[in-house]
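> coords below, sequence missing:
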């Protein structure tokens, strides 16, 4: 019985380490795979979700960087961002006003025609009203539903995650 469990565990580890599994989890690999194609998808929706309220300080500049890369290859590519964890609260008027770097990243994305959505449901659960967010972001009814709406239009979802760099 122990030998059987070791084989199952070994198979599981190999599956986790396989290139196809890594490609699904590694956003940089996903981006490189998109750039390597001859034709773009309908669009790309970047998903950002994390418990760290300062996560957007890293994630938004990273999204900016990737948008530039993708648009070098596909200038007309439609792109959107959906943030739906604790990090989204950095985009309230109060928090954004004290964070010039994040504010600049948001402005840059919007200037590049990249809408940024936050999750109204999660905000409501945390007692944050839609009016408390910057007027520059769209308060979606639900972040995951917003992502699914984009995916139904043919957008590719790329989750921006420090752990999968």
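It's in. Keep in mind that this is a model prediction, so the values were computed, not measured. Numbering: from 1, shown residues only.
> Low-confidence stretches in this protein?
1-25, 164-165 (pLDDT under 70).
> let's see 50
Filtered on pLDDT under 50, the chain yields the residue ranges 1, 3-24.
> does the residue nearest the centre of it count as helix, strand or coil?
By C-alpha atoms, centre = their mean, the chain has its centre lying nearest to residue 47, at 2.3 Å. Remark: residue 47 carries the secondary structure label strand [criterion: DSSP: H, G, I helix; E, B strand; the rest coil].
> Kindly report the same for residue 75.
coil.
> Which parts of the chain are strands?
Along the chain, the stretches classed as strands by DSSP state E are 43-48, 78-83, 116-119, 138-140, 155-159.
> In the protein, mark out all the helices, start to finish.
Ranges of helices in the chain, per DSSP state H, are 2-17, 19-25, 27-36, 56-73, 93-97, 100-111, 120-125, 143-152.
> Nearest to residue 26 among the strands of the chain would be which one?
Distance to residue 26, taken as C-beta to C-beta, is lowest for strand 155-159 among the strands of the chain, at 9.9 Å. (C-beta placed from N, C-alpha, C; glycine too.)
> Quick one: work out the angle between the closest one and helix 27-36.
Angle, strand 155-159 to helix 27-36, by axes from the mean of the first three to the mean of the last three C-alpha atoms, to 10 degrees: 150 degrees.
> Okay, now the sheet partners of strand 155-159, with direction.
Strand 155-159 has the following sheet partners, assigned by DSSP bridges: strand 43-48 (parallel).
> which residues make contact with the partner strand from outside it?
The contact list for strand 43-48 (C-beta atoms under 8 Å, 6 or more residues apart in numbering) reads 34, 55-56, 59, 63, 66, 70, 77-85, 87, 143, 147, 150-151, 153-160.
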